[in-house]
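Asker: Sequence and computational prediction follow.
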Protein chains: 2
Amino acid sequence: MTTKYIGPLHALLIKAGLADGTDHAHVVAICLFVTLLCACIILGHLLEENRWMNESITAIILGCFTGSVVLITSGGTNSHILQFNEELFFIYLLPPICFNAGFQVKKKQFFENFAGIMLYGVVGVFISFAVITAGCRYIFPAFNLGNFHIKDFLALGAIFSATDSVCTLQVLSQDETPFLYSLVFGEGVVNDATSVVLFRAVQKLDTTDINGLTALSILGSFLYLFFTSTALGVVTGLLSAYIIKTLYFGRHSTDREIALMTLMAYLSYTIAELFYLSGILTVFFCGIVMSHYTWHNVTESSRITSKHTFATMSFIAETFIFLYVGMDTLDVDKWKKANERASFSIAGILLLLVLLGRAAFVFPLSALSNYLRRTPGTRINYRQQIIIWWAGLIRGAVSIALAFNEFTTSGTSRTSEHATIITSTIMIVLFSTVVFGMATKPLISAILPHHLRSFQSDASEPPSPKDLASDLDLQTPLLSLADKQNVIFANGMLRRSSLTMLLQAPTSTIHKMWRKFDNSYMRPVFGGRGFVPLIKKSPRALEVRLLPETDLAPG
Amino acid sequence: MTTKYIGPLHALLIKAGLADGTDHAHVVAICLFVTLLCACIILGHLLEENRWMNESITAIILGCFTGSVVLITSGGTNSHILQFNEELFFIYLLPPICFNAGFQVKKKQFFENFAGIMLYGVVGVFISFAVITAGCRYIFPAFNLGNFHIKDFLALGAIFSATDSVCTLQVLSQDETPFLYSLVFGEGVVNDATSVVLFRAVQKLDTTDINGLTALSILGSFLYLFFTSTALGVVTGLLSAYIIKTLYFGRHSTDREIALMTLMAYLSYTIAELFYLSGILTVFFCGIVMSHYTWHNVTESSRITSKHTFATMSFIAETFIFLYVGMDTLDVDKWKKANERASFSIAGILLLLVLLGRAAFVFPLSALSNYLRRTPGTRINYRQQIIIWWAGLIRGAVSIALAFNEFTTSGTSRTSEHATIITSTIMIVLFSTVVFGMATKPLISAILPHHLRSFQSDASEPPSPKDLASDLDLQTPLLSLADKQNVIFANGMLRRSSLTMLLQAPTSTIHKMWRKFDNSYMRPVFGGRGFVPLIKKSPRALEVRLLPETDLAPG
């Protein structure tokens, strides 16, 4: 494990007779961290109804608190249980989060808003990157904040263009604001990938020779990475569907099926990383394909299990990250090396640039989108633009991981400037997660009154009652819109507004073509339920038929 | 992670343009290992019907094969993708296996055979330990096999007293031979724990002063560890039941419930390790308590999910271990340092001692058990004794982990003797797993004809159809025997033999008392379904009622 336990707490435990060798240190660290994770889950549950709090903020605050305790216990030398390791983050924590995002995303909405998502997620990141880089380039020297190199500014631009989609998910509701949710969330995923790709391009850049071609080459390598990563994810997902459909036919084994799905999803991520592609994008698209094909080839038990297992893994990984960020805030080693005054100034400037950089693409691109669609109903109105702008302001674990990658060598900064950037990054992440995160729920309530929120939502998809219904949810994930509308017409519920009708006219054609293709070529090979209704004699029905026999046994 | 990637394969990938930095090496290793795991699952599935193979053997052979390929590719310098790390094994791979064992064990049978299990698992290990230690002490010098210390012999005794319960589980069938299964499996869990405790006692031993008191102090510390570990597991399990019952009442969240169950189970293991108790025992009993209380406090989705998730995690961990053992066989570094001739001799001698050591307790203790029970029906017959003796001969990952702990320092041996022991250990594990493992299924068929096998089985528990029924299985885990017998009498199926009647007479009284206590004191606080039949309006029934609405949507 990347966890490395550091002195003082351990020394205390040795005193108390609870620790001796260095091997044991690891156990102490893991034990504490697992306890904290449990505490986060319980607290998060208790604070669920709270207007200001969410699970990320709870985890960050608990992390800060634990950090303080460790700091005091250790006599001011340390605040850590685990040492941050960007490998831990990129190899173990990020994949389950991204895969689950793809697996649970409402595919119809995601693909309906695909153009918008790409506009914000790709073009937007490039604009934000340019604004932050240029801003740093001109403001930092003006305030005499240290001796930075042009490459540092470029790296900062990439690092702070990565929004935290994890936190956004906890703040926006898929049921209440489905349009905004799918747009902001989809943007978040693409944005993360774009930022990481940009960051890599910047790292490889020869800064002695920057010209117009540099920008073009970055764009070219981005497009290459985007398409190859997506293709890899789709291929792995289809392969898993094919294997399970072919081999497991007739004699299913739930544990093997789940193991194979999990491992193949992870495999897609590692293959992408192996070839220097974007694992985030790959595993996201692998999740989408798996939920459309593979998921329908397995037993009913496997379906329920896989859905909840992936969500749980993602949930634990998220909590882990936020807990860590909270604990990292009080890391004295970093603060000692850093210039504190400069840290605050840099954090302030960067926060302003983040606000500005996001404004610089959300409003113009929304205007562009509105201009292209022309019809008044499809416009992204001004209130929604503000929400989109605001919801993507949070900077999270991706920024921290990238900053550590660029400005530290195996956990420690080489120069005072680099240490300062690290402390600034932590401050920005903490501030944006807690303050922006807390303000988002109230802001949405204030800006979007309820009737406006449901206005943009797809009338055919009623908000689902929480737990049981969500199990059924995935059973109709790609039921075409047309089908649903038929149901609605048939039921005499003409709730479809002229707005959605206009919006979905072109999408509907593409969807019909895809449906035809899916039925004729894809489903015969890769399985999946496709667009037919559930067969009546489903495995679940079978299970229920079996139940009464068990019930016979008297108390 | 403890995974450390080693040179040549990486060098090859660099040549192919697939790798550069050291960071990337990790990704390469993980990617390869995940691919191998997927291959194991698929091959294991294809070979399921095979009489000679099981998943462990498949994994070991695949590991050997990969090892050879890496060895050839690297020009004979290396066979590894990952370096074995006993921490990886004890902290990440063993807990899910042991927890799942407790969670899925048929509690009734386990507790019915409790006395027998403890006899074999505790007294047996002490006898086997004595035989192996004494054997090594007198045989090794006679063959002039190197310069060993008395502590080495004691360590070898502890290391080779640990049977591999994982492999046994794959070989014996819970449905076909339930009595043998519960005995051998129960023994395996207790045996692992006893061996680890013994091993630790030996490591701490002052070898300059060995006398009669030494044995007593080892026994005393064993009893202390056994009871504290069990108590810790039970307490953690009850705590999880209490938290979920109290906090989640009325608003369940499947993902949080599963996360909390998983994390608290893991927490019990780490707390045990923190206090130098036996994590294996703790997490095993935590699993038992969780399946009796916590499991019944969660939603239907959580029940299905948790059951399969724990089984899957255990399955992946097992495959991982066997894959590794296979790969480790061809590790040239170890072979270079070791004395090859001595390795073969030591492996041969130890194998003989293992056979002898196990015979030295299985047959006398069975005789003792038969003598104490007196009534002819409860006897463990000679054929069954042979099966018990044979099924526990396999030495697996626990032996390897303990050997690495004792005879290497961060992966490399200090002396030639120690290197020789490591290679001998690998040979024994490989030989016993493949040869003994392959021979077990045919041996059981030969020794126990079918009518004998079902003779000892509980007639009230019919073999369950594989997948769907297993979901229902856990719903009646502690339905008392009396209840089941009532059912059988009511159905006019007087299948109960005089044998089982006599066997279960005393157990039944204890069971009734426990049932009363459980109903009056435990269930009101910790929840759980207890011994009442399933309520008619279960969440599953609710789900099914919801289904038709989804079905309305036309194709």
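Answerer: Now that the structure is in, tell me what you want to look at. Note that the structure is predicted; figures quoted are calculated from it, not measured. Residues are numbered from 1 along each chain as shown, chains lettered A, B, ... in the order given.
Asker: CA atoms for contacts and neighbours, from now on please.
Answerer: OK.
Asker: Let's verify A:Leu277: helix, strand, or coil?
Answerer: coil (DSSP: H, G, I helix; E, B strand; the rest coil).
Asker: Give me the neighbour count for it.
Answerer: 25 (other C-alpha atoms under 10 Å in any protein chain shown).
Asker: So it sits against A:Leu225, correct?
Answerer: Yes - A:Leu277 lies in contact with A:Leu225 (C-alpha atoms under 8 Å); the separation is 5.7 Å.
Asker: just the residues of the stretch 101-250 of chain A that are near chain B, which are they?
Answerer: Within the stretch 101-250 of chain A, the residues that sit near chain B (C-alpha under 8 Å from any C-alpha of the partner chain) are A:Leu247.
Asker: Could you tell me what pLDDT the model assigned to A:Val202?
Answerer: We note a pLDDT of 79 for A:Val202 in this prediction.
Asker: and it, what does it touch?
Answerer: A:151, A:154-155 (C-alpha atoms under 8 Å, 6 or more residues apart in numbering or on different chains).
Asker: and the gap between it and A:Lys151?
Answerer: 7 Å (C-alpha to C-alpha, to the nearest Å).
Asker: Write out the residues of the stretch 301-450 of chain A neighbouring chain B.
Answerer: Residues of the stretch 301-450 of chain A lying near chain B (C-alpha under 8 Å from any C-alpha): A:301-302, A:304-306, A:308-309, A:311-313, A:315-316.
Asker: Which parts of the stretch 351-500 of chain A are helices?
Answerer: Shown for the stretch 351-500 of chain A, the helices assigned by DSSP state H, counting those that start in this stretch span residues A:382-391, A:397-407, A:416-431, A:437-447, A:450-455, A:467-473, A:481-490, A:498-517.
Asker: Report all helices and strands that the lengthiest helix in chain A contacts.
Answerer: Of all the segments assigned as helix in chain A under DSSP state H, the longest by residue count is helix A:212-247. With contacts taken as 3 or more C-alpha pairs under 8 Å, 6 or more residues apart in numbering or on different chains; DSSP states H and E, helix A:212-247 sits against helix A:178-204, helix A:254-274, helix A:279-292, helix A:294-297, helix A:523-526.
Asker: And the contacts of the fourth one?
Answerer: Yep, that's helix A:294-297 we're talking about. A:237-238, A:240-242, A:244-245, A:261, A:303, A:526-529.
Asker: Contact partners for the residue in the stretch 201-350 of chain A that chain B sits nearest to?
Answerer: Across the stretch 201-350 of chain A, no residue is closer to chain B than A:Thr305, which sits at 4.1 Å (C-alpha to the nearest C-alpha). The contact partners of A:Thr305, by C-alpha under 8 Å, 6+ apart, come to A:258, B:301, B:304-306, B:308-309.
Asker: where's the dip in pLDDT among the residues you listed?
Answerer: Out of the contacts of A:Thr305, that is B:Ser301, at 88.
Asker: The contacts of helix A:294-297 into TSV, with extra columns for pLDDT?
Answerer: Shown next, in TSV, are the contacts of helix A:294-297 (pLDDT from 0 to 100):
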residue	pLDDT
A:Gly237	95
A:Leu238	94
A:Ser240	93
A:Ala241	92
A:Tyr242	91
A:Ile244	88
A:Lys245	86
A:Met261	93
A:Arg303	90
A:Phe526	82
A:Gly527	78
A:Gly528	72
A:Arg529	65
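Asker: what's the closest of the residues you listed to B:Ser195?
Answerer: Nearest to B:Ser195 out of the contacts of helix A:294-297 is A:Met261 (C-alpha to C-alpha; 35.8 Å).
Asker: could I get the contacts of helix A:294-297 as CSV with neighbour count?
Answerer: Output for these, formatted as CSV (neighbours: other C-alpha atoms under 10 Å in any protein chain shown):
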residue, neighbour count
A:Gly237, 28
A:Leu238, 22
A:Ser240, 26
A:Ala241, 27
A:Tyr242, 21
A:Ile244, 25
A:Lys245, 21
A:Met261, 24
A:Arg303, 24
A:Phe526, 24
A:Gly527, 23
A:Gly528, 24
A:Arg529, 22
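Asker: Closest one of the residues you listed to B:Leu448?
Answerer: Relative to B:Leu448, and with distances defined as C-alpha to C-alpha, the nearest of the contacts of helix A:294-297 is A:Ile244, at 35.9 Å.
Asker: residues near the closest residue in space to that closest one that isn't next to it in sequence, how many?
Answerer: Counting by C-alpha to C-alpha, 6 or more residues apart in numbering or on different chains, A:Ile244 lies nearest to A:Asn297, which is 6.6 Å off, once chain neighbours are set aside. Neighbour count of A:Asn297, defined by other C-alpha under 10 Å: 27.
Asker: ditto for A:Ile117
Answerer: A:Ile117 - counted by other C-alpha under 10 Å - has 24 other residues nearby.
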